[in-house]
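K.L.:
starting from these lines, generate the structure:
(one chain, ligands or ions: 2)
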Amino acid sequence: MNILLLGSGGREHALSWNISKSEKCDQLFIAPGNAGTEKLGSNVNLAINDFEAIDQFCTAQKIDMIVVGPEDPLVNGIVDFFENKDIKVVGPAKLAAQLEGSKAFAKDFMARHNIPTAVYKEFTSETLAEGLKYLDQKDGPYVLKADGLAAGKGVIILQEKEEAKVALEKMLNGQFGAASEKVVVEDFLDGIEFSVFVLTDGVSYKILPEAKDYKKIGEGDKGLNTGGMGAISPVPFVDEALWKKVEERIIKPTIAGINTDKLNYKGFVFIGLINVGGEPLVIEYNCRMGDPETEVVIPRMQNDLLDLFESLFDGSLSEKEIYTKSSFATTVMLVSGGYPEAYEKGKEITGIDRVETSMVFYAGAKKDASSKLVTSGGRVLAVTTLGSSMKEALQTSYQNIEKIKFEKMNYRKDIGFDL
Ligand code: AMP
Ligand code: GLY
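P.N.:
Numbers count the residues shown, from 1 in each chain. Ligands and ions are numbered 1, 2, ... in the order given. Coordinates of the predicted model:
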């Protein structure tokens with residue numbers, strides 16, 4: 001098969017790493033890709049939301065399958081666009097992608113299918129007064145979520161009622177543009193988060209290794225939210241009893257819900273969960289793999305991803321088995337100084353060639369005009385290690401990080417600290 005993978009982050013480097021090794025892979029193209037993916041396939045300069053241009057490229061290169069890394073093209077309907085075009089697109093159709101694209105859609109789905117999640121109500125500018133009254137009746141902390149995609153910034157958690165009221169009004173007055181025309185206000189859940197990943201054809205499903213990511217920029221989970229500063233898999237506190245609840249109460253009803261609602265879904269469901277005293281509840285759905293979770297989940301998997309992806313289209317997913325290494329995987333993100341706020345790009349990266357016992361997945365790293373490897377984003381490299389324990393894997397990652405240098409490089413030295 002000829003494959004086109006969309007995206008340019010560490011997630012796409014990790015996906016390419018598996019796909020490029022597949023016996024089923026003839027040619028692998030990555031659009032736009034990065035300096036890591038270009039070692040495993042051919043990077044192509046296509047905009048991931050320009051479906052017409054992607055279509056032309058697919059025809060010219062005889063592409064058989066498109067694998068979509070990030071959520072944007074899915075929420076914009078890439079699956080629907082290619083519906084009658086004899087190209088398999090891995091991911092949910094536009095309506096199904098609303099599980100990520102709209103918090104209200106996702107909450108509604110969970111309510112309809114009895115999937116445990118925080119109690120909530122949704123408001124618009126017309127019902128602002130009701131929203132303020134709702135906050136009055138509640139104790140803090142207050143969780144306010146912009147309905148639409150807001151580049152990971154649309155969730156605001158506040159301790160004080162008055163602050164929450166001001167924030168609700170601001171959000172409904174266009175703080176996040178169209179994304180916050182509707183706001184979901186939900187109860188705060190106090191627990192520890194983890195993520196499960198499911199591959200589904202809309203009827204059957206297979207569970208991939210779980211992971212936990214570290215979203216805050218600062219050690220001890222302090223400071224601003226980022227796309228993710230590191231991840232580990234497996235998650236030590238997810239024992240058999242918790243897994244059973246996750247599968248029975250969350251995964252099964254989610255897939256059954258997709259089926260009864262007739263949602264066209266052939267791809268990954270990423271379920272963000274929170275463990276509240278042994279009871280799992282859903283924090284959010286994403287319609288794609290996580291980043292940097294992919295950088296620990298994929299290295300632990302022994303399956304050929306293309307074999308699994310093909311099975312989504314020929315009805316054979318239920319016959320597949322997921323083979324997982326028993327090793328622990330950890331990844332530590334090296335980021336540009338200043339991220340997630342303003343940061344500089346174009347800093348030379350050195351030392352990756354001296355890393356032997358970890359895998360380095362490229363995120364915001366590209367070759368400049370003189371073929372030097374330079375930083376090109378906030379999150380630059382993900383250093384992943386497999387080890388016989390989480391501690392051992394992390395130790396190796398941190399030793400290898402010492403060898404890598406770029407100006408103002410920053411990373412969290414406490415990944416896994418809470419486990
Ligand atoms: P979301 O985009 O819905 O995943 O929210 C972003 C982050 O906000 C989550 O990863 C949680 O850390 C936090 N969060 C979201 N909803 C809640 C909630 N109901 N209670 C506590 N924390 C939450
Ligand atoms: N690491 C969180 C995400 O990919 O959404």
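K.L.:
pull the residues that contact stretch 68-80.
P.N.:
Contacts to stretch 68-80, defined as CB atoms under 8 Å, 6 or more residues apart in numbering, come from residues 5-9, 11-12, 15, 48-49, 51, 54, 66, 89-94, 97-98, 100-101, 149, 264, 266-267, 286-289, 291. From N, CA and C alone the C-beta is placed, and that goes for glycine too.
K.L.:
so which of those belong to helices?
P.N.:
Among those, the members found in helices (DSSP state H) are 11, 12, 15, 51, 54, 98, 100, 101.
K.L.:
let's have those in JSON lines, adding neighbour count, pLDDT and distance to residue 162.
P.N.:
Below are those laid out as JSON lines (neighbours: other CB atoms under 10 Å; pLDDT from 0 to 100; distance: CB to CB, whole Å):
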{"residue": "11", "neighbour count": "27", "pLDDT": "98", "distance to residue 162": "39"}
{"residue": "12", "neighbour count": "31", "pLDDT": "98", "distance to residue 162": "43"}
{"residue": "15", "neighbour count": "26", "pLDDT": "98", "distance to residue 162": "45"}
{"residue": "51", "neighbour count": "17", "pLDDT": "98", "distance to residue 162": "46"}
{"residue": "54", "neighbour count": "25", "pLDDT": "98", "distance to residue 162": "48"}
{"residue": "98", "neighbour count": "23", "pLDDT": "98", "distance to residue 162": "33"}
{"residue": "100", "neighbour count": "21", "pLDDT": "97", "distance to residue 162": "31"}
{"residue": "101", "neighbour count": "24", "pLDDT": "96", "distance to residue 162": "31"}
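K.L.:
quick revisit: so which of the contacts of stretch 68-80 belong to strands?
P.N.:
Judged by DSSP state E, the subset of the contacts of stretch 68-80 located in strands is 5, 6, 7, 66, 89, 90, 91, 92, 266, 267, 286.
K.L.:
distance of whatever residue of the stretch 1-150 of the chain ends up closest to ligand 1 from residue 185?
P.N.:
Closest approach of the stretch 1-150 of the chain to ligand 1 (CB to the nearest ligand atom) occurs at residue 118, with a separation of 3.9 Å. Noted for residue 118: a distance of 10 Å to residue 185, by CB to CB, to the nearest Å.
K.L.:
what's the overlap in contacts for the two?
P.N.:
In contact with both residue 118 and residue 185: residue 143, using CB under 8 Å, 6+ apart.
K.L.:
just to revisit the earlier point, could you dump the ones in helices among the contacts of stretch 68-80 into CSV with distance to residue 237 added?
P.N.:
What follows is those, written out as CSV (distance: CB to CB, whole Å):
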residue, distance to residue 237
11, 24
12, 29
15, 27
51, 42
54, 41
98, 31
100, 25
101, 30
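K.L.:
between these, which is nearest ligand 2?
P.N.:
Distances from ligand 2 to the ones in helices among the contacts of stretch 68-80, taken by CB to the nearest ligand atom, are shortest for residue 11, at 7.5 Å.
K.L.:
got a list of what that closest one touches?
P.N.:
With contact set as CB under 8 Å, 6+ apart, residue 11 has these partners: 69, 70, 289, 290, 291, 292, 294, 295.
K.L.:
right, and residue 63 touches residue 87 too?
P.N.:
Yes: using CB atoms under 8 Å, residue 63 is in contact with residue 87, at 6.1 Å.
K.L.:
need the residues of the chain near ligand 1, please.
P.N.:
Residues of the chain lying near ligand 1 by CB under 6 Å from any ligand atom: 118, 143, 145, 155, 157, 186, 188-189, 193, 215, 272, 283-284.
K.L.:
mind putting those in TSV, neighbour count, pLDDT and secondary structure included?
P.N.:
Putting these into TSV (neighbours: other CB atoms under 10 Å; pLDDT from 0 to 100; DSSP: H, G, I helix; E, B strand; the rest coil) gives the following:
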residue	neighbour count	pLDDT	secondary structure
118	19	97	coil
143	19	96	strand
145	27	95	strand
155	16	92	strand
157	14	94	strand
186	20	97	strand
188	14	97	coil
189	18	97	coil
193	16	95	strand
215	16	93	coil
272	16	97	strand
283	20	97	strand
284	19	96	strand
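K.L.:
of those residues, closest to ligand 2?
P.N.:
Comparing the residues of the chain next to ligand 1 against ligand 2 with CB to the nearest ligand atom places residue 215 closest, at 6.7 Å.
K.L.:
do you know how far the closest one is from residue 292?
P.N.:
Taken as CB to CB, the span from residue 215 to residue 292 is 10 Å.
K.L.:
picking up where we left off before, of the contacts of residue 11, which is the most crowded?
P.N.:
Comparing the contacts of residue 11 by number of neighbours (other CB atoms under 10 Å), residue 295 comes first, having 36 neighbours.
K.L.:
which SSE is residue 168 in?
P.N.:
In the assignment (DSSP states H and E), residue 168 maps to helix 161-170.
K.L.:
which residues does that helix contact?
P.N.:
Contacts with helix 161-170, where a contact means CB under 8 Å, 6+ apart, come from 123, 128, 131-132, 135-136, 138, 140, 142, 144, 156, 158, 183, 185.
K.L.:
then stretch 352-369?
P.N.:
So stretch 352-369 is contacted by 9-10, 13-14, 17, 34-38, 291-292, 295, 299, 331, 333, 336, 345-346, 349, 373-385, 396-397, 399-400, 403-404 (CB under 8 Å, 6+ apart).
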